[in-house]
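**Student:** Here is my input; please provide its structure:
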Amino acid sequence: MSALWKKLSAEVSSPFLAALLLCAGFWGFVAWDQSHWWRVKADYSFGWLVPAFVVFAIYDRWPRIVAAAAACAAGGSPRAAGWQKWVLRLLVGISLTLGAGFFLLGAFYRAGAGTSQPGTLAITLGMIGLLLPLLLMNAPESPAPSSGSLWGDARVKLAAWFLFPVLVWLVSAPMVSAVEQQLNLFLLRKVVTVVAFVFDLLGLPIEQQGNVLVLPTGSVGVADACSGIRSLTACLFAGSFLSAVFLDKLWKKITLVGAAMGLAFLTNLGRSLFLTAWAYRNGPSTIEGTVHDVAGYAVLGLTVVGLLCLLPLLNLKISFGAGRVPPDATA
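**Tutor:** Numbers count the residues shown, from 1 in each chain. Okay, here's the model as predicted:
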């Protein structure tokens, strides 16, 4: 263990390495707290992958983290100056204050009432508020820093490499019941309305009664699980991981995460249309069991395939005028 510490200390400063170990402790506590919901709520079962993906992301980024730490310690390393320095300090102070408040609130809530969605969410938000400023404050110091902008600050760039390992825990944390129910109801209404509209447009008689679709062969009740919130959270996690590992620009990461949510909704809508068409032809009882489960897994599979197909497009580099010979060039 001492040999590993010496090896890592040679790559990054000891204070920053100690901050990373403290981050690992927070992640372990959050994983233990969230694991209850990963076990009892199928919508968040993908959370078991989060710790492994966090470790992989840090391992994959470690050479760039070491390079960013070296840039922080180098002479002339840029630091936010003037009013931007005070803005950075204000943001760090606010984040630490809110983070400590949320984390203590969630911890006390869990100690008194046991596992609860509000408590888990508060602990997760508190962890996020604490860790990013902690990493920034323990970044290596430069012997002769130079003046720079807020976003050009070498410490900010170093801490930015940990955005995915810190923020991804928010995806695996259960939402507060009221928010989850409202989102679930919103998605469910959209799915049922669109399915009824498509069948009506095709000239197939169908009647919508709340969340029930009345077909000539019987009635199909659209359950809460068919709203797509399960696939939405899982695909949001998949999109976040793929963007963190394979994309370098912020706008590309945001685009892929947005595409993940859009694809999750569209594929779930396609699943609902398929199941309704199957019930329309063969009867509502035929969509139970294998047909229903296979269609559900197909939603996640198609979304992941779609995201993998988007990666080459987002990484495509277009060069205008490549290969053209300048007018004054000679043979």
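**Student:** you'd agree residue 200 is up against residue 208?
**Tutor:** No. Here residue 200 does not reach residue 208: they are 9.0 Å apart, not a contact under Cβ atoms under 8 Å. The way it works is simple: take the backbone N, C-alpha and C, and place the C-beta from them, glycine included.
**Student:** domain ranges for this structure?
**Tutor:** 2-166, 178-314 (automatic domain parsing).
**Student:** would a markdown table of those with mean pLDDT, mean neighbour count and distance to residue 172 be doable?
**Tutor:** Formatted as a markdown table, the domains of the chain follow (pLDDT from 0 to 100; neighbours: other Cβ atoms under 10 Å; distance: least, Cβ to Cβ, whole Å):
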| stretch | mean pLDDT | mean neighbour count | distance to residue 172 |
| --- | --- | --- | --- |
| domain 2-166 | 88 | 17 | 4 |
| domain 178-314 | 77 | 17 | 7 |
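**Student:** Phi first, then psi, for the residue lying closest to residue 70 once chain neighbours are set aside.
**Tutor:** Excluding the flanking residues, the one nearest residue 70 by Cβ to Cβ, 6 or more residues apart in numbering is residue 140, at 7.8 Å. Phi and psi for residue 140, reported as degrees, to the nearest 10, are phi -60, psi 140.
**Student:** tell me the secondary structure for residue 270?
**Tutor:** helix (DSSP: H, G, I helix; E, B strand; the rest coil).
**Student:** Now do the same contact list for it.
**Tutor:** 299, 302 (Cβ atoms under 8 Å, 6 or more residues apart in numbering).
**Student:** That one and residue 302, how far apart?
**Tutor:** Noted for residue 270: a distance of 8 Å to residue 302, by Cβ to Cβ, to the nearest Å.
**Student:** Equivalent analysis for residue 85, please.
**Tutor:** 48 Å.
**Student:** which helices and strands sit right next to the strand or helix carrying residue 126?
**Tutor:** If you go by DSSP states H and E, residue 126 is part of helix 117-137. In this structure, helix 117-137 packs against helix 14-40, helix 83-113, helix 154-160, helix 163-172, with contacts taken as 3 or more Cβ pairs under 8 Å, 6 or more residues apart in numbering; DSSP states H and E.
**Student:** And the contacts of the helix or strand following that helix?
**Tutor:** Sequence-wise, the next helix or strand downstream of helix 117-137 (DSSP H and E) is strand 146-148. Contact with strand 146-148 is made by 76, 77, 78, 79, 80, 81, 82, 154, as judged by Cβ under 8 Å, 6+ apart.
**Student:** Can you list the strands that strand 146-148 pairs with?
**Tutor:** Its sheet considered, strand 146-148 pairs with strand 78-80 (parallel) by DSSP bridges.
**Student:** Quick check: residue 220 is in a helix.
**Tutor:** No. Counting by three-state DSSP, one finds residue 220 to be strand, located in no helix.
**Student:** partners of it in the sheet?
**Tutor:** Taking DSSP bridges as the rule, residue 220 bridges to residue 213.
**Student:** which ones are touching it?
**Tutor:** Per Cβ under 8 Å, 6+ apart, neighbours of residue 220: 212, 213, 275, 276, 279, 284, 287.
**Student:** go again using 7 Å as the cut-off
**Tutor:** Residues near residue 220 by Cβ atoms under 7 Å, 6 or more residues apart in numbering: 213, 276, 279, 284.
**Student:** what's the answer for residue 296, then?
**Tutor:** Here residue 296 is in contact with residue 271 (criterion: Cβ under 7 Å, 6+ apart).
**Student:** and what of residue 131?
**Tutor:** 23, 26, 166.
**Student:** separation between the second one and residue 143?
**Tutor:** I take that to be residue 26. Counting by Cβ to Cβ - residue 26 and residue 143 are separated by 31 Å.
**Student:** Over to the last one?
**Tutor:** Shown here: residue 166 relative to residue 143, a distance of 29 Å by Cβ to Cβ.
**Student:** I'd say the residue nearest to residue 70 and residue 14 touch.
**Tutor:** No. Residue 140 lies out of contact with residue 14 (Cβ atoms under 7 Å); the separation is 9.6 Å.
**Student:** Cheers, nothing more for now.
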